[in-house]
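> curious how this folds, go ahead:
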Amino acid sequence: MDLFKARDLMVGAILEAGLIALRFFKAGNINQSLKPDQSPVTAADLALEAFLRGRLTSFRPDIGWLSEERPDSSHRLSCRRVWIVDPIDGTRSFVAGTDEWTISLALVEDGRPVAAVLFRPATDDLYDAVLGGGSSLNGQRLSVSDGSLESVRAFTGPKKVMQEAAADMPEAVWIRSSSSLALRLALLATGAIDTALVKAGARDWDIAAADLILSEAGGYLTTTDGARLVYNGLSVSRPALIGAGPRRHAAFVSAFRAGILHFE
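Modelled structure (predicted):
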């Protein structure tokens with residue numbers, strides 16, 4: 001498969017999806033309801049799900065599908081490749097009328113993302129990545145920040161963990177977590193955030209695209225014991241995660257393994 005061709009298809013689809021989403025967003029046509037897990041879903045979520053599924057599955061019908069807004073099917077488990085899609089990541093932000101929501105697309109092959117696109121329509125910011133080809137924001141190459149824990153300036157994650165690590169990160173400022181987890185990880189890839197810790201419960205569609213964007217910027221997203229994530233498994237729910245540049249990531253993994261740091 002030509003991953004750059006797949007990435008270009010994803011870019012075209014996500015830009016069109018962004019226009020659809022903005023029509024709902026600007027009109028205030030939210031039509032919100034609650035799913036069984038009490039998370040919000042809107043008419044825009046469902047419209048984008050239908051549009052993206054139609055566009056992407058027409059490219060290669062043999063590629064499986066996993067999305068937040070569509071009932072899961074075991075068929076994807078037999079597929080070597082799968083689309084992992086979040087039509088709107090950060091629905092609460094979308095409903096509130098703020099700009100911290102994104103559309104997230106990832107193409108996963110053999111359990112790992114190989115092409116990814118993340119779009120923030122309200123600010124017109126487009127992140128993309130291809131395995132081995134780097135990642136970019138609006139065409140500009142991304143590079144994660146790195147260094148010692150003492151050099152951490154911007155931290156996002158549970159305040160409890162930051163307090164436990166305060167002695168090692170004396171200059172760190174806690175950054176409020178955005179509604180979109182994918183956006184937090186994308187900002188980590190740009191160097192705007194130095195470290196991102198994520199509580200247990202993230203789903204594959206929240207993180208698959210951002211995982212590749214971060215890794216192609218030189219960063220890592222793993223469990224607290226350093227295990228990399230494998231996607232399109234039976235369970236799509238994730239334990240607590242660490243996102244950071246190589247040196248900081250290694251330091252956090254060591255601290256969690258040693259029991260120095262703890263998630264709630």
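> for the stretch 51-200 of the chain, just list every one of the helices.
Using DSSP state H, counting those that start in this stretch, the helices assigned to the stretch 51-200 of the chain run over residues 91-96, 159-164, 181-190.
> mind checking which of those helices is nearest Leu214?
helix 181-190 (4.5 Å; Cβ to Cβ). Any C-beta I mention is one placed from the backbone N, CA and C, and that applies to glycine too.
> packing partners for that closest one?
strand 81-89, strand 102-109, strand 112-120, strand 134-137, strand 195-198, helix 204-216, strand 241-244 (3 or more Cβ pairs under 8 Å, 6 or more residues apart in numbering; DSSP states H and E).
> got TSV for these, with mean neighbour count, distance to Ala6 and mean pLDDT too?
Shown next, in TSV, are these (neighbours: other Cβ atoms under 10 Å; distance: least, Cβ to Cβ, whole Å; pLDDT from 0 to 100):
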stretch	mean neighbour count	distance to Ala6	mean pLDDT
strand 81-89	27	9	97
strand 102-109	28	5	98
strand 112-120	25	5	98
strand 134-137	20	15	98
strand 195-198	25	27	97
helix 204-216	28	12	98
strand 241-244	27	24	98
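> format the ones you listed as JSON lines; extra columns: distance to Leu3.
As requested, those are exported to JSON lines (distance: least, Cβ to Cβ, whole Å):
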{"stretch": "strand 81-89", "distance to Leu3": "11"}
{"stretch": "strand 102-109", "distance to Leu3": "8"}
{"stretch": "strand 112-120", "distance to Leu3": "5"}
{"stretch": "strand 134-137", "distance to Leu3": "12"}
{"stretch": "strand 195-198", "distance to Leu3": "26"}
{"stretch": "helix 204-216", "distance to Leu3": "11"}
{"stretch": "strand 241-244", "distance to Leu3": "23"}
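> indicate which one of the ones you listed is closest to Ala154.
strand 195-198 (7.8 Å).
> now do the closest one: distance to the chain's middle.
Averaging C-alpha positions (Cα atoms, centre = their mean, to the nearest Å) puts strand 195-198 12 Å from its chain's average.
> can you list the domain ranges for the protein.
3-139, 149-257 (automatic domain parsing).
> tell me which of the helices of the stretch 51-200 of the chain sits most buried.
helix 181-190 (a mean of 27; mean count of other Cβ atoms under 10 Å).
> just the CA coordinates of it, formatted as PDB?
Taking Å, rounded to 0.1, in the frame of the first residue of the first chain, the C-alpha atoms of helix 181-190 are listed here in PDB:
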ATOM      1  CA  LEU A 181      -6.900  14.000  24.100                       C
ATOM      2  CA  ALA A 182      -5.700  13.800  20.500                       C
ATOM      3  CA  LEU A 183      -5.000  17.500  20.600                       C
ATOM      4  CA  ARG A 184      -3.100  17.300  23.800                       C
ATOM      5  CA  LEU A 185      -0.800  14.700  22.200                       C
ATOM      6  CA  ALA A 186      -0.500  16.700  19.000                       C
ATOM      7  CA  LEU A 187       0.600  19.700  21.000                       C
ATOM      8  CA  LEU A 188       3.200  17.500  22.700                       C
ATOM      9  CA  ALA A 189       4.500  16.600  19.200                       C
ATOM     10  CA  THR A 190       4.900  20.300  18.500                       C
END
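> who's in contact with that helix?
Residues from elsewhere that reach helix 181-190 (Cβ atoms under 8 Å, 6 or more residues apart in numbering): 86, 89-90, 100-102, 104, 118, 120, 127, 135, 137, 142, 144, 156, 177-178, 193-196, 198, 202, 206-207, 209-211, 213-214, 216-217, 219, 221, 243-244.
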